[in-house]
Every structure is written in C-alpha cells, then in structure tokens.
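In: Have a look; sequence and predicted model below, questions after that.
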Amino acid sequence: MALRFSKMHGLGNDFVVVDCRARPFILDAAAIRRLGDRHFGVGFDQLLTVETARDPDCAFAYGIWNTDGTPSGQCGNGLRCIARWLARDGALGEGATRLESPSGPVQVELLADGHVRADMGEPRFAPERIPFLAEEEADRYAVDVVGRDVEIGAVSMGNPHAVVEVSDAAAAPVAVLGPQIEHSPSFPQGCNVGFAQIVARDAIRLRVWERGVGETLACGSGACAAVAVLRRRGLVDADVRVGLPGGELRVRWEGPGHPLWMSGPASFVFEGEYDV
Ligand SMILES: N[C@H](CCC[C@H](N)C(=O)O)C(=O)O
C-alpha cells in the first residue's frame, strides 16, 4: 500500500505529514519506526497526521509520533507545519484557527511573512500535570542523575519538559545529560530536556534533547518550556528570541494566567509516496 506524505520542517526539526482526514491512521509503532528510519525509510523527527476533529470547536485534529514510535502530546514546530499544510490545501480560514492537539486545543494563525503564530495555551507547572514526581510545585528541583544532583525546571506544554540552565549552550553535555534526564524516574512518562543559556532578558540560546528522538535542530515546545521556566524565575522578559541550532523562534508569555505564544517559520521540502 502506498502512503502519500508531505516532508516538512520547522527550523530543521523535520516531519512526515500524512493526510488521515479520509481514513484513520493505521501504522503501528514498528511501522512508524521503519518510516522514520533515515536509511531504511523516509526519516523524520516526528510523524504528524492531519485528522478530522473530535472537538466541535476545532477545525481539524493532529497526531504526533516520535522516531521511536512513541506518541507525544504536543509538537510546536509540527503544529506550524500543519497550519501551513492546511493553508496550502485551502482549508485554513482567515485569522485564527483552532486545532485539536493530542493534549488539547491550540490556535494558529498564518502571518503576512509566511510565518505561523500559535497560541500554545498556558504552561502547566503543577507536578501532576507534567507529570513529574515532586512533593510540591517549585521554580527549580534537584534531580538525582547517575548519583549526582542536577538542578532543573519542570513544565508541560502538553508534553513533559525539563529545563537545565547552562552558561554556554554550545558546550552543554546534551548527549550525556539529555538521555539521563529523559529517562529519570522523576519523569514517569519521560521528558524532553532543554539546555538554556540566557544571553539577555529578551534572548536565550537553547539546545534540546527530545524524548524518543535525541537532539534535534529545533524544538518548538522546548522553546516555550524554556521561556516559561526562566520567566517564572524572573530571569527573562515577556518577549524572548530563542536561538536554536536550526534558527530562531519568538516566544511571548506575560506570566501565570496568560497563554504562551510562539511564532516562526514552517517549510515544505517535497511530496512523496512510501511503500508501507
Ligand atoms: N519537536 C517537537 C517536540 C516533540 C516532543 C516529543 N519529542 C515528545 O515526546 O514530547 C516540538 O517542536 O515541540
């Protein structure tokens, strides 16, 4: 059976997008891993499906799977690509459109410069909503990683994130500390791990080790998570430029009680057919 797809990326965080509006998604974890394999398949950081919405207030729904076949609750770069994909299909109305993500509704809007702005909802810091095992909610936690304490912030953007503040993102031990924190028992469902360097009150540099993938060139929900954690600590202003290896995202968060906004590019690369 041939599976038609669009290959897309958001700042180098790359996706295979499959239109499942006419028929349900049928690949199991092993088939997703094969599709995501960069030698034996097409290759992606995440597989995204466009689906009909169950939520009557949303125009469409979307699904998210990592390279290892595990599902995710949110994908910031991916939802910008879904918005561009729907716009090309003539299915995105004027102004803001509500989309149903696996973790709840988000709102997207195509900007004049071709970028996409997304209302990602409010960051969730309550440990049980991340999920993260902690007695009480805090700005920072000490997590035991291979016998030593590492200080992190923890937050959900619909998917779990740990944020580690570093003095130099370029030199951060992403490949060592990333998987150790991703698989920490403190995060019962695992987590994405951001390494954030504060450059100014309106600019940070960030690298992200993604749950179920590894280090990616960019992570939209990771950028949101880093700004949320650093703003809650009073270390950055509301508007922050987030510099990732693949490029820059803009994130805006007034603070508790307010939604968090992210904006950035979304690009098509090619259309293809995959023999499932
Ligand atoms: N690349 C995505 C994040 C995927 C998160 C996934 N790795 C998870 O298991 O939560 C983004 O732009 O937000």
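Out: Noted; the coordinates are in hand.
In: what residues are up against the residue lying closest to Arg21 once chain neighbours are set aside?
Out: The shortest distance from Arg21 to any residue other than its chain neighbours is 5.3 Å, reached at Thr52 (C-beta to C-beta, 6 or more residues apart in numbering). Bear in mind the C-beta positions are built from the backbone N, C-alpha and C, glycine included. Remark: with contacts taken as C-beta atoms under 8 Å, 6 or more residues apart in numbering, Thr52 is in contact with 21, 60-61.
In: same deal with Arg80?
Out: With contact taken as C-beta under 8 Å, 6+ apart, Arg80 is in contact with 10, 108, 115-116, 118, 220, 264-266.
In: Which one of these is nearest to Val166?
Out: Ranking these by separation from Val166, with C-beta to C-beta as the measure, puts Gly220 on top at 19.9 Å.
In: what sits against the closest one?
Out: Gly220 makes contacts with 10, 13, 75-80, 118, 249, 262, 264, as judged by C-beta under 8 Å, 6+ apart.
In: Can you give me the pLDDT of it?
Out: We have a pLDDT of 98 for Gly220.
In: Quick check: chain neighbours aside, which residue is closest to it?
Out: Gly76 (1.9 Å).
In: how about the residues of this structure that lie near the ligand?
Out: Contact residues, the chain versus the ligand (C-beta under 6 Å from any ligand atom): 13, 45-46, 66, 72, 75-78, 159, 192, 210-213, 216, 219-222.
In: Filter the residues you listed down to the ones in strands?
Out: Members of the residues of the chain next to the ligand lying in strands (criterion: DSSP state E): 13, 46, 66, 192, 210, 216.
In: List only those of these flagged as buried.
Out: Applying 16 or more other C-beta atoms under 10 Å to these, the neighbour count classes 13, 46, 66, 192, 210, 216 as buried.
In: I'd assumed Asn13 was in contact with the last one.
Out: Yes - here Thr216 lies in contact with Asn13, judged by C-beta atoms under 8 Å, at a distance of 4.9 Å.
In: related to what we said a few turns ago, now, among the ones in strands among the residues of the chain next to the ligand, which is nearest to the ligand?
Out: Relative to the ligand, the closest of those is Glu210; by C-beta to the nearest ligand atom it sits at 3.8 Å.
In: Let me see the ranges of the strands in the stretch 101-250 of the chain.
Out: For the stretch 101-250 of the chain, the strands defined by DSSP state E, counting those that start in this stretch occupy 104-110, 116-119, 141-145, 148-156, 160-165, 192-200, 203-210, 214-216, 239-244, 247-253.
In: With distance to Val17 and mean pLDDT added, can I get these in a markdown table?
Out: Formatted as a markdown table, these follow (distance: least, C-beta to C-beta, whole Å; pLDDT from 0 to 100):
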| stretch | distance to Val17 | mean pLDDT |
| --- | --- | --- |
| strand 104-110 | 14 | 97 |
| strand 116-119 | 14 | 98 |
| strand 141-145 | 35 | 95 |
| strand 148-156 | 24 | 97 |
| strand 160-165 | 23 | 98 |
| strand 192-200 | 21 | 99 |
| strand 203-210 | 18 | 99 |
| strand 214-216 | 16 | 98 |
| strand 239-244 | 21 | 99 |
| strand 247-253 | 19 | 98 |
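In: Could you say which of those strands is packed most deeply?
Out: Between the strands of the stretch 101-250 of the chain, the one whose residues have the most neighbours on average, counting mean count of other C-beta atoms under 10 Å, is strand 160-165 (a mean of 27).
In: what residues does that strand touch?
Out: Contacts of strand 160-165 with the rest of the structure, by C-beta under 8 Å, 6+ apart, involve 130-132, 143, 150-155, 172, 177, 181, 184, 187, 189-198, 211, 221-222, 225-226, 229-230.
In: same thing but at 6 Å, please
Out: Around strand 160-165, the neighbours that count as contacts under C-beta atoms under 6 Å, 6 or more residues apart in numbering are 130, 152-155, 181, 187, 189, 191-196, 225-226, 229.
In: Next: stretch 197-206.
Out: Contacts for stretch 197-206 (C-beta under 6 Å, 6+ apart): 166, 168-169, 194, 196, 226, 235-237, 239-244.
In: Mind picking the two most distant members of those residues?
Out: Comparing every pair within these by C-beta to C-beta identifies Asp168 and Asp239 as the most remote, at 23.4 Å.
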